[in-house]
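need a structure here:
(chains A and B)
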There are 2 protein chains.
Amino acid sequence: MTATKDNSKAGAGRTIISVDAMGGDQGPATVVAGISLSARINPDIGFILHGPRAVLEKLVAKRKNLGSRCEIRDAAEVVSMEDKPSQVVRQGRNTSMWSALESVRNGEATVCVSCGNTGALMLMSIIRLRKLNGVYRPAIAVMWPSPNPQGYNIMLDGGADIRADAKDLAQYALMGTSYARNGFGLTRPRVGLLNVGTEEHKGRSELKEAHDLIAANARGGDFEFVGFVEGRDLPGTKCDVIVTDGFTGNVALKTAEGIAKFISDELRQAFRYSLLSKLASVLAYTSLNRLKKRVDPRRANGGVFLGLNGTVVKSHGAADATGVSSAVKLAYELAQSGFSDKLAARVASATLHDQDDTSEELTNGESE
Amino acid sequence: MTATKDNSKAGAGRTIISVDAMGGDQGPATVVAGISLSARINPDIGFILHGPRAVLEKLVAKRKNLGSRCEIRDAAEVVSMEDKPSQVVRQGRNTSMWSALESVRNGEATVCVSCGNTGALMLMSIIRLRKLNGVYRPAIAVMWPSPNPQGYNIMLDGGADIRADAKDLAQYALMGTSYARNGFGLTRPRVGLLNVGTEEHKGRSELKEAHDLIAANARGGDFEFVGFVEGRDLPGTKCDVIVTDGFTGNVALKTAEGIAKFISDELRQAFRYSLLSKLASVLAYTSLNRLKKRVDPRRANGGVFLGLNGTVVKSHGAADATGVSSAVKLAYELAQSGFSDKLAARVASATLHDQDDTSEELTNGESE
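Predicted coordinates for the structure are as follows:
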């Protein structure tokens, strides 16, 4: 990756983020509003924006702070939420998504941000950016609010692949801790493996195998392995990184969304109930707003694709300007920390370790 | 089952619930307080209470309303939360859990309630009560709060078995709808199959197979099949019964618990923040209490074991008196509706249907 060398194309000395302007539920105006918000806060950021030139030029012209910091790349077609990933990959050369990944592929940017179709973005990322050497399955790392000091826990896989065997899960542990170090500054992240109980005899056999693999790699990977954790630990304090397959991870994520929405709807109802409670909600306005910010998925917006040559931040499809801006912020921080290269080095060193050493290490499973 | 015939043993004309007094985190005093609460509300209920006689006699003597309505069965040993299910089944003859199931087995009661070790209770129930004819895997049905008119959705399996193939999932649909009819009075429940997306091409292959099996059985089972649903639909309005394997179901359940706790902790923090917000919390007290009741897991306490000869209600291990009482209420309603027999008939008729008909029906998978 030679991202920093090409920065001159979109603004000297700046960290360039490649942004897919299309494919989100809210359309390109929201994406442009989001990057404008980021540009206002952060003077060191620049953008390559991908989509139909005529549409984007109009939108960017309205945002004065974007003029000198945003280069537009024309891409006529759009990947819709309904498109099948396999089709998009075959016929998607002229889409904004393809173009946005191309800027990471050719080194103009190290990180790409898109609000589009997750399945299509993942498959296209795998095909265009390619998996890191030694990575079996890339994963989506997502953030959960938690009372931990860093304010968030990381869970992977959030839904890149519905299956994961023991060696995939062990690799998720390595990738997740690298992300925790570079995204949250945790020096020695605590890793938990999601199961239906914390006792070692519980759960599926591949989880017991993964348990042993991860334990064997904890020292080399410089993380602490806390063993099996349960669903309640996702927003908890037992660990910082939670490892699971993409099916279970995706169900947990959407369940949490559902419960949060249910409670907030009920809370709104509760405050509407009587005159007294309406008055209370006025008095509690600031406090409730603080809570909302804390739990708001828009603030923690951005699943990160791990295990590729380059980093892709997937923003929520329904993200508004605040959501897009928060995904851009995450992309910027990862680009700044040199995360892509560090993750590659971490995965490579685990593989090398195995070549020198035939003890119970991560890549033992490779021969399977 | 001839439960009603033997009612004279513990109180004439009453519906008898068999209650394991031991094994919960709060001890037998809480269980006795809980059944006393139920007895106060419901004059038609009687109990057979299982545990060490000396301990229970003292506790029951303190509750005047239990005197004539609670028979004590001496059982010296207790199944602890740490005991391995397989061991308990071999060596557990003298436990209160075994004794409590025995009262259902011999027809003194139709429903058993226990706060004890879930795994042990499930395995012991399978061995002592035996699976219903034609049932491959029994399941735990749990309740989710939802904005649906009945106030709750039913999910199964909540964690009886970490695996389920297509025919198990189709059978969960039948058992869940029977429970929804008898527990909630829904005439034609809507069933959804939990997946990572609602598109038909998504998810694991066994889920696609289950999708077709459930669809083929919807008419015969007298339910509406809404197809794939997602985690966010568990507390949603899309369907009344959600079908999934016990691993995924258990993770979803504990994730929801974790998120609800996280939000309620944050809410408490938010109200403590300033003088104004403290005042607001006083004014909103009634409304917040109403919300708490609505979301409170103690009010929806009780997973129900389905697919056995007799019904077992598993109360939360940490249940307090309110929780125990709510589990007893559920047990009473199911006993009253003749649920055990109706479920058996439902499963039997689905099996019979297959014997007459070789089309795409539920039990086609039996030969596998």
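
now do the helices in chain A.
A:28-41, A:53-61, A:85-91, A:96-105, A:118-129, A:166-184, A:205-221, A:246-272, A:275-283, A:285-295, A:321-336, A:339-356 (DSSP state H).

so can I have CSV of these showing mean pLDDT, distance to residue A:141 and mean neighbour count?
Glycine gets a C-beta too; all of them are placed from N, C-alpha and C. CSV is the format used below for those (pLDDT from 0 to 100; distance: least, C-beta to C-beta, whole Å; neighbours: other C-beta atoms under 10 Å in any protein chain shown):
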stretch, mean pLDDT, distance to residue A:141, mean neighbour count
helix A:28-41, 95, 21, 22
helix A:53-61, 95, 29, 16
helix A:85-91, 90, 19, 15
helix A:96-105, 97, 17, 26
helix A:118-129, 93, 12, 22
helix A:166-184, 92, 5, 25
helix A:205-221, 91, 15, 19
helix A:246-272, 86, 10, 21
helix A:275-283, 70, 36, 16
helix A:285-295, 67, 19, 16
helix A:321-336, 91, 10, 23
helix A:339-356, 70, 11, 17
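
can you list those in JSON lines and add distance to chain B?
Listed next are those as JSON lines, based on distance: least, C-beta to the nearest C-beta, whole Å:
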{"stretch": "helix A:28-41", "distance to chain B": "22"}
{"stretch": "helix A:53-61", "distance to chain B": "28"}
{"stretch": "helix A:85-91", "distance to chain B": "9"}
{"stretch": "helix A:96-105", "distance to chain B": "19"}
{"stretch": "helix A:118-129", "distance to chain B": "8"}
{"stretch": "helix A:166-184", "distance to chain B": "14"}
{"stretch": "helix A:205-221", "distance to chain B": "9"}
{"stretch": "helix A:246-272", "distance to chain B": "3"}
{"stretch": "helix A:275-283", "distance to chain B": "4"}
{"stretch": "helix A:285-295", "distance to chain B": "4"}
{"stretch": "helix A:321-336", "distance to chain B": "17"}
{"stretch": "helix A:339-356", "distance to chain B": "25"}
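
relative to residue B:164, which of these is closest?
helix A:246-272 (13.2 Å; C-beta to C-beta).

give me the distance from that closest one to the chain's centre.
Here the centre of mass of C-alpha atoms in helix A:246-272, compared against the chain's by C-alpha atoms, centre = their mean, to the nearest Å, lies 20 Å away.

packing partners for that helix?
On a contact count with 3 or more C-beta pairs under 8 Å, 6 or more residues apart in numbering or on different chains; DSSP states H and E, helix A:246-272 meets strand A:139-145, strand A:152-156, strand A:190-194, helix A:275-283, helix A:285-295, helix B:246-272, helix B:285-295.

hmm, try it at 6 Å
Of the remaining helices and strands, those touching helix A:246-272 by 3 or more C-beta pairs under 6 Å, 6 or more residues apart in numbering or on different chains; DSSP states H and E are helix B:246-272, helix B:285-295.

residue in the stretch 1-150 of chain A nearest to chain B?
residue A:145 (6.7 Å; C-beta to the nearest C-beta).

give me the number of residues near that residue?
Residue A:145 has 22 neighbours, counted by other C-beta atoms under 10 Å in any protein chain shown.

can you lay out the helices of chain A as a markdown table showing distance to residue B:315?
Converted to a markdown table, the helices of chain A look like this (distance: least, C-beta to C-beta, whole Å):
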| stretch | distance to residue B:315 |
| --- | --- |
| helix A:28-41 | 48 |
| helix A:53-61 | 57 |
| helix A:85-91 | 45 |
| helix A:96-105 | 50 |
| helix A:118-129 | 39 |
| helix A:166-184 | 33 |
| helix A:205-221 | 28 |
| helix A:246-272 | 21 |
| helix A:275-283 | 32 |
| helix A:285-295 | 30 |
| helix A:321-336 | 41 |
| helix A:339-356 | 45 |
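
so which of those gets nearest residue B:25?
Using C-beta to C-beta, the helices of chain A put helix A:246-272 closest to residue B:25, at 23.5 Å.

got the angle between the closest one and helix B:246-272?
Helix A:246-272 and helix B:246-272 are oriented at 40 degrees to each other (axes from the mean of the first three to the mean of the last three C-alpha atoms, to 10 degrees).

name the nearest residue to residue A:176, sequence neighbours excluded.
Of all residues not flanking residue A:176 in the chain, residue A:241 sits nearest, at 4.0 Å (C-beta to C-beta, 6 or more residues apart in numbering or on different chains).

before we move on, back to that, how far away is the residue of the stretch 1-150 of chain A closest to chain B from residue B:258?
11 Å (C-beta to C-beta, to the nearest Å).

list residues touching both of these two?
residue A:235 (C-beta atoms under 6 Å, 6 or more residues apart in numbering or on different chains).

for residue A:235, grab the count of nearby residues.
28.

hmm, residue B:258 and it touching each other?
Yes. Under the criterion of C-beta atoms under 6 Å, residue A:235 makes contact with residue B:258 at 4.9 Å.

identify the bridge partners of the residue of the stretch 1-150 of chain A closest to chain B.
Applying DSSP bridges to residue A:145 gives these bridge partners: residue A:152.

how many other residues sit next to the residue nearest to residue A:141 when sequence neighbours are not counted?
Using C-beta to C-beta, 6+ apart and skipping residues adjacent in sequence, the residue nearest residue A:141 is residue A:156, 4.2 Å away. By the measure other C-beta under 10 Å, the count of residues near residue A:156 is 31.

residue A:156 and residue A:176 touch, don't they?
Yes. If you go by C-beta under 6 Å, residue A:156 and residue A:176 touch, sitting 5.0 Å apart.
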